[in-house]
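Trainee: sequence and predicted structure are below.
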Amino acid sequence: MKSFKLFLSFCTLIRSSTTSPDTEECYSEPMASTNLRLWVETEDFGIETQTINFFELELALIRKEGGPYWYLADDGFQGAFYYESDDLGEPRVGAYLYPDFSTAVLGLWEDHVLLQGQATKLVKACRSGESWSLEFGDLSGPNLTYSPPSHFSLGLNAVQSDPFELSTVEVRRSKIEGAENGLFTTRDIISGEVVAFYSGYIINCNMYPRGLDRRVLSAEESLIRDMYYIELDIEREHQLCIDLPFELGNDINRYNATLGHKVNHSFKLSTEFMLFSVHPVLGVIMSLIAIKDIPANQELTVDYGYETEDKSLVANWFLEIWNKYGSEENNDLEEENNELKEDNINDLEKDINDLEEDTNDLVEDTNDLEDTNDLAEDINDLEDTNDLAEDTNDLEDTNDLEEDTNDLEDTNDLEEDTNYLEDTNDLEEDTNDNNPDLYHDEL
């Protein structure tokens, strides 16, 4: 099989698509994996996911009716499984996409356990409506199958490189003083991203890793022997650890199945150890997770977390770094305290100046308020004056009305007197007319 095209109806899973079914949007690498990761990280699914317990983590099942099955491991931070069918308990064809959503293993799976497959790379992702189609490149490398490590087996060929690590990290000469080799990035890493894996023999932590070793070793020699010994961060009745013998861990020509053990110590770390539960070949192992964005060609570091209470059990090189770091930390702390004091003094002076300005503004506002009150009083006084003027005018109008009324009454009296006089004259005339003799006598 030279290439694969898998039609993945793993839609953005929006029931009514906003993209026309006839419109196809295609992305080549690196944009293909970038868009797939964006789809996963933004949880742009459109339907509720179903949670399925899978040993040490949960898988989120995403499926639209009639479509394929997607199982996101740890919300996609540990990659994803894809199947075209849901034949639980039966072998089925599918793919596991590593956390970069570019490196993949295609093959036959049963309950997320790899029966047979090979590594490949994503070369194109096309989205049409609510569906994606993925195109992978040529299959490469040896046939792969699930083969977990144990206390007597590494689980796989010790020099069989991991396909994900091949595109993410490599071992080079370390830039750290006193160190030999170190682990470097070969591409830009995003904070929270898996950068490398850490595996070896799986043993009981309470069991002495070299039970039949009769040599009497110094503390320094014991530390060298147990250099690549790390707890497997998993809850069990008996705590499990990963142990990689020094002769293997110190020589990448003898062991390079995983490279996480090559990371050097620093208190100014860029990664941290974290459990990884879905490695397609090794299963449950440890991994290195970036705690910040890391550019390509950068040496990775991690805090080994050695206990320093009993210094006889701690390597001299670690104590030297610890003391140096403590001294640097104290100097940095003193500088930070001085900077903090200066900042506090500057802030206090600024606050005082601001308070003075606010006080002056308040005084000005108070004066303005008093002026406003005076103006309001003047306005009220003016209104009272206007009211008084109106009342005066009203009073004058009342007096004029009274005068007019009196004049009218005088007029009426005059008219009455005139009428009375006229009546008197008329009476005299009538009297004279009726008594002419009287009139003559008078004459």
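Mentor: On my side now, so go ahead.

Trainee: buried residues in stretch 41-59, which are they?
Mentor: In terms of neighbour count (16 or more other Cβ atoms under 10 Å), stretch 41-59 has its buried residues at 45, 49, 54, 56-57, 59. (C-beta placed from N, C-alpha, C; glycine too.)

Trainee: strands - which of the residues you listed land there?
Mentor: 54, 57, 59 (DSSP state E).

Trainee: of these, closest to residue 314?
Mentor: Nearest to residue 314 out of those is residue 57 (Cβ to Cβ; 33.4 Å).

Trainee: check contacts around the nearest residue to the closest one once chain neighbours are set aside.
Mentor: Among residues not flanking residue 57 along the chain, residue 277 sits closest, at 4.7 Å (Cβ to Cβ, 6 or more residues apart in numbering). Applying Cβ atoms under 8 Å, 6 or more residues apart in numbering to residue 277 gives the contacts 54-57, 73-74, 78, 283-284.

Trainee: could you dump the ones in strands among the buried residues of stretch 41-59 into JSON lines and include pLDDT and distance to residue 225?
Mentor: As requested, these are exported to JSON lines (pLDDT from 0 to 100; distance: Cβ to Cβ, whole Å):
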{"residue": "54", "pLDDT": "90", "distance to residue 225": "35"}
{"residue": "57", "pLDDT": "90", "distance to residue 225": "33"}
{"residue": "59", "pLDDT": "94", "distance to residue 225": "39"}
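
Trainee: looking at those residues, which is nearest residue 176?
Mentor: residue 57 (33.2 Å).

Trainee: quick one, what contacts that closest one?
Mentor: Counted by Cβ under 8 Å, 6+ apart, residue 57 has contacts 73-74, 78, 277-278.

Trainee: turn those residues into a markdown table, including secondary structure, distance to residue 67 and pLDDT.
Mentor: Below are the contacts of residue 57 laid out as a markdown table (DSSP: H, G, I helix; E, B strand; the rest coil; distance: Cβ to Cβ, whole Å; pLDDT from 0 to 100):
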| residue | secondary structure | distance to residue 67 | pLDDT |
| --- | --- | --- | --- |
| 73 | strand | 19 | 95 |
| 74 | helix | 22 | 94 |
| 78 | coil | 22 | 97 |
| 277 | strand | 26 | 96 |
| 278 | strand | 22 | 97 |
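
Trainee: quick one: which of those residues is the most crowded by neighbours?
Mentor: For these, neighbours were counted by other Cβ atoms under 10 Å; the highest total belongs to residue 278, with 24 neighbours.

Trainee: for burial, what's the neighbour tally of residue 387?
Mentor: 10.

Trainee: surely it is in a strand?
Mentor: No. Residue 387 is assigned helix when assessed by DSSP: H, G, I helix; E, B strand; the rest coil, not a strand.

Trainee: how about low-confidence regions in the stretch 251-400 of the chain?
Mentor: Within the stretch 251-400 of the chain, the segments meeting pLDDT under 70 span 311-313, 326-339, 341.

Trainee: next, count neighbours for the closest residue to residue 141 other than its chain neighbours.
Mentor: Leaving out its chain neighbours, the residue that sits closest to residue 141 by Cβ to Cβ, 6+ apart is residue 119, at 4.7 Å. Using other Cβ under 10 Å, residue 119 has 24 neighbouring residues.

Trainee: give me the beta-bridge partners of residue 119?
Mentor: residue 105, residue 140 (DSSP bridges).

Trainee: where along the protein do the helices fall?
Mentor: Taking DSSP state H as the criterion, the chain contains helices spanning 31-41, 163-166, 219-225, 246-249, 316-434, 436-442.

Trainee: I'd like those helices laid out as a markdown table, including distance to residue 104.
Mentor: Output for the helices of the chain, formatted as a markdown table (distance: least, Cβ to Cβ, whole Å):
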| stretch | distance to residue 104 |
| --- | --- |
| helix 31-41 | 10 |
| helix 163-166 | 8 |
| helix 219-225 | 38 |
| helix 246-249 | 28 |
| helix 316-434 | 39 |
| helix 436-442 | 158 |
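
Trainee: out of those, which one sits most buried?
Mentor: Highest mean neighbour count among these (mean count of other Cβ atoms under 10 Å): helix 163-166, with a mean of 21.

Trainee: tell me the buried residues in stretch 306-318?
Mentor: Across stretch 306-318, burial judged by 16+ other Cβ under 10 Å covers 314-315.

Trainee: end-to-end on it?
Mentor: 8 Å (Cα to Cα, to the nearest Å).

Trainee: got the contact list for that stretch?
Mentor: In contact with stretch 306-318 (Cβ under 8 Å, 6+ apart) are residues 178, 219-220, 223, 265, 304, 319, 322.

Trainee: could you redo the last one with a cut-off of 7 Å?
Mentor: Identification of contacts with stretch 306-318 by Cβ atoms under 7 Å, 6 or more residues apart in numbering yields 178, 219-220, 223, 265, 319, 322.
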